[in-house]
Structures are given as C-alpha cells and as structure tokens.
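Asks: Structure of the sequence below:
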Amino acid sequence: MDNNLNNNEPNFVMGDDSTNNNINDNNVGFYDNNNFTNDEFQFDNEPLNEKKPKKNRKWMKYVGVGLVGAILGGIITTSSILYVLPKSDMFKNTELYKSIKGNSVYEGKVPEFTQTSEGMSLTDVVKQVAPAVVGVSTKSVSQDMFYGKQQVMEGIGSGVIFSEEGYVLTNYHVIQGAQEVKVILNNNGEGKEVNAKVVNYDAQRDIAIVKITDDIKMPAVAPLGDSDELLPGQQVVAIGNPLGKEFLGTVTSGIISAVNRDIVMDQNGTKLKFIQTDTAINKGNSGGPLINAKGEVIGINTLKTGETGVEGMGFAIPINEIKPKLEDLVKPLLKIGIAGKAIDENTAKENNVPQGVLVAQVEDLSSAQKAGLQAGDIITSFDGKAVKTVEEINEIKAKHKSGDTVKVEIYRNNSKKTIELQLAE
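Replies: Residues are numbered from 1 along each chain as shown. Coordinates of the predicted model:
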C-alpha cells in the first residue's frame, strides 16, 4: 500500500513512456525536467523516499506510465513513474472533480463503430491515419556530479506526423530529459527507426515537436480536425504504442465521454483542458493521436486515471488547443548547450550557495563551452535578469534571436564571475 496516497482520491497517469531524466535542460537535446536528484542532494520539493504524510494530508498523484530502463533520481517508481504530487484538495476544486458524475458524461451503452456519413468505417479511419502514427524513442545519459556515476534511461512514447516536412507532434513529457531522440515508423508492423531531433516544446501545455532528420518520404500525414465540434457519445479511435515497440500501431476505440475537462496539473494550480474518453490509453500511448470518425486528429493522448478499480477514463489534449501554437513550435529553440537544474532555497542555504540554475553538463562545442561555462557553475543572472529556474532562462531566450550575445553571471568556487554567451539554434 502506498502510504503517500489517499485511496479515496482519484489518481492520474501520464499516458507516456518518457525519459524522465533527472537533469533539467533547455538546450542541445537536454529538455526541462523538474526532478533532479542525486544520492545526497535533492533539488526538488519532495524527497525520493517520501515520509509518511500527516493523516490530514491528502494527495492526488500524476504518474508516468512509460517503459524505461534505469530510473533516475527524483522519480518515484512503483509499477509506474511518479511525476507530480499535487494536493487532492486542488483537484476537488476542479470542474473534473465536480462533474465526474455530471450530465456531461456519456454513460450509455458504448456503440459499435459504424460507417460514418463520410463513408469511413473503423478500418478506413485506421488505414488513413495509422501510417502517420510513430513511436518516439528517447535516451538519456547523465553523470552524478558528486559521485561520478553514470545513469542511463530509455523510453518510448507515441507521436503523429502532421506535415510533409517530417514534423511530429507528441507530448513534452515523452521527450523530457532526452539527449537522443529517434522516430520509429510503422513499416507494415515492423518498426523502422530513423533519426530525429526535438525542435521545440511547450512544457506547460505538455506538447513538443520532433522533426525527422533522415531524408525520407513521409509514410503519411495525419489531417488535423476541429476538437470544438466534439460531443459526448461520438466515436473515436486511439493509435499508439502501448507497452512499447513490440505493440507498435495498436488501435483501440471508444467514445468521447466529456469535453472541456479542467485538470489541475501542478501545485501551482495550473489548469489545462482535456477531452475525456473511454478509449483505452495505456503505457506508451502518450503523444499518440485521438482520431474522430472522419479520420482526423482531434486530440493528443496524455493522461489516464491511475485509481485502483477505475477504468475507461483517459484524457487527451484538444487539437484546437495545440493548432495556434504550431507555427511557433516548428521554429527551433535557441540553444545554450547545458543541462541544468534549479537550486531551491533550502538546498542553497544548506550548501551555502546562491539560488540559481546548477550547470550539470556542458555540451561539447556548444555556446556554453565556448563561453567558458563549466559543470558545477551556478547561473544566477541571464541577460541582466536574476534567474532561479531553467524556465526563466527560456523566457529570456525567447525574446532573442540566433546570434545575440547575452551576459551571464555565474557563481564558481565561492566567487562571482560574468561571461558573455552567444545564442544559437
């Protein structure tokens, strides 16, 4: 029994297999993660081995359900990976909790998938979209700064090709922390691995864009639909990679159970809207498409309930929440070339260092290396503005263009130092 969870509270599972690296980054293939931990130091608000909470402390959990190799620090593992532990009283204030048995939920008999007015059967829908559904394979290697140990984690999620240029839409948590990304094409049931790179992402919205870099003809491009047209009871299909590469291109079907579900995603009270469906969303489905009866992508599968005894409650990001962001997300991120993690106030006090972003790794030949940044440096100011998190560095970078030079203040060996760094794609 998990002593950190109240069994009366709903749990949510990230329908993913992300490489949840313990190193947070925003450059050169290292992507933001808020769970950097090593054997002694915890740069997070929750310890790896959680103590029993007080009796009046209730929790709801969000867990990753991805397939992974070595699980890195800052992640709690049971049968799946713990991502966040927001307080359950926040969940009680959400529309999802209030309307879980509301009239907006379709509770009738699930209809069989029949031929639609567009003349498409379930088979037609799958035939149109399945070739565009891919696996997103990730790998991360990190080195414990204090003990020199290397840790490796691999994962596989899902994604969908949405352009002839090879852009793939997936969840941010699928590629979070990844240093290497591959795309797996469904070649008549056989997985064909091709090279890819992360182009950009929106961590708060949990979406990311990966681009196939090999010179190949795209097997298919999935059309994007209109999620605002969805109604409870409509038939939908999910395609993805439950349990990994061995089950590439698995098809499940169901209905829209409800629309516009508000779910609190973190302890800051961040709310996101989701489509609720009874379509099976399992380990490895994260980032895969939810498809309507016209053969259009109307959502990106992201969450499922993790509550014991509760089935048929999956959640997808509405495609209309994503489409306005695509133009910006296909533009490459400006890169520094570091992997880093925010040092929280308690850790800073305990170790007599300033708050800022700890540099854990520096990419060879990167802007960071050329500027003289070293592993162990703590970035306290970026472009003249105090920073405490990687997200704050990202916000500043977003206001610049490739080639711009910024001043970076660092703390190294008990002294402050200012360096100049040139941003690049």
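Asks: can you pull the contacts of residue 297?
Replies: 129, 160, 162, 222, 223, 224, 225, 289, 290, 291, 319 (C-beta atoms under 8 Å, 6 or more residues apart in numbering). Bear in mind the C-beta positions are built from the backbone N, C-alpha and C, glycine included.
Asks: So it versus residue 398, what's the distance?
Replies: Distance of residue 297 to residue 398, given as C-beta to C-beta, to the nearest Å: 27 Å.
Asks: what does residue 226 give?
Replies: 29 Å.
Asks: which of these two has more neighbours?
Replies: Neighbour totals were compared for residue 226 and residue 398, and residue 226 leads with 14 against 10 (other C-beta atoms under 10 Å).
Asks: can you map out the strands along the stretch 251-400 of the chain?
Replies: In the stretch 251-400 of the chain, the strands defined using DSSP state E, counting those that start in this stretch lie at 271-277, 289-291, 297-305, 314-318, 338-343, 356-362, 378-382, 385-386.
Asks: Mind putting those strands into CSV with mean pLDDT and distance to residue 232?
Replies: Formatted as CSV, these follow (pLDDT from 0 to 100; distance: least, C-beta to C-beta, whole Å):
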stretch, mean pLDDT, distance to residue 232
strand 271-277, 92, 9
strand 289-291, 97, 14
strand 297-305, 92, 13
strand 314-318, 95, 14
strand 338-343, 88, 41
strand 356-362, 91, 44
strand 378-382, 96, 46
strand 385-386, 95, 46
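Asks: in this protein, which segments are predicted with low confidence?
Replies: Flagging of the chain using pLDDT under 70 yields the residue ranges 1-119, 142-148, 189, 267, 306-310.
Asks: could you redo the last one with a cut-off of 80?
Replies: The chain contains residues with pLDDT under 80 at 1-119, 141-151, 187-190, 243-245, 265-270, 283, 305-312, 398, 425.
Asks: so what are the domain limits for it?
Replies: Following automatic domain parsing, one finds the domains of the chain at 1-100+118-331, 338-422.
Asks: So which of those domains is the most surrounded?
Replies: domain 1-100+118-331 (a mean of 20; mean count of other C-beta atoms under 10 Å).
Asks: Run through the helices of the stretch 201-350 of the chain in chain order.
Replies: 319-329, 345-351 (DSSP state H, counting those that start in this stretch).
Asks: Packing partners of the first one?
Replies: What it means is helix 319-329. Helix 319-329 sits against strand 190-202, strand 207-212, strand 297-305, with contacts defined as 3 or more C-beta pairs under 8 Å, 6 or more residues apart in numbering; DSSP states H and E.
Asks: Can I get those strands in a markdown table including distance to residue 270?
Replies: Shown next, in a markdown table, are the helices and strands packed on helix 319-329 (distance: least, C-beta to C-beta, whole Å):
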| stretch | distance to residue 270 |
| --- | --- |
| strand 190-202 | 12 |
| strand 207-212 | 14 |
| strand 297-305 | 14 |
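Asks: Show me the one of those that comes nearest residue 350.
Replies: Set against residue 350 and scored by C-beta to C-beta, these come closest in strand 190-202, at 31.7 Å.
Asks: May I have the closest one as CSV, with CA atoms only?
Replies: Output in CSV follows, covering the C-alpha atoms of strand 190-202 (Å, rounded to 0.1, in the frame of the first residue of the first chain):
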residue,chain,number,x,y,z
GLU,A,190,7.8,-3.7,-38.3
GLY,A,191,9.4,-0.8,-36.6
LYS,A,192,11.9,1.2,-38.8
GLU,A,193,14.0,3.6,-36.7
VAL,A,194,15.0,6.9,-38.2
ASN,A,195,17.0,9.8,-36.8
ALA,A,196,15.2,12.8,-35.3
LYS,A,197,15.6,15.9,-33.2
VAL,A,198,13.5,17.9,-30.8
VAL,A,199,12.7,21.2,-32.5
ASN,A,200,10.7,23.0,-29.8
TYR,A,201,8.2,22.4,-27.0
ASP,A,202,5.7,24.0,-24.6
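Asks: pretty sure residue 371 contacts residue 424?
Replies: No - judged on C-beta atoms under 8 Å, residue 371 makes no contact with residue 424 at a distance of 11.1 Å.
Asks: Give me the distance between the two termini of stretch 176-185.
Replies: Separation of the first and last residues of stretch 176-185 by C-alpha to C-alpha, to the nearest Å is 21 Å.
Asks: Show the contacting residues for residue 126.
Replies: 237, 239, 251.
Asks: Sorry, wrong one. I was asking about residue 183.
Replies: 134, 135, 136, 137, 159, 168, 193, 194, 195, 196, 210, 212.
Asks: repeat that for 6 Å
Replies: Residues counted as contacts of residue 183 (C-beta atoms under 6 Å, 6 or more residues apart in numbering) are 134, 194, 196, 212.
Asks: rewinding a little: and residue 124, which of the helices and strands packed on helix 319-329 is closest to it?
Replies: Of the helices and strands packed on helix 319-329, the one closest to residue 124 (C-beta to C-beta) turns out to be strand 297-305, at 15.3 Å.
Asks: All set now, cheers.
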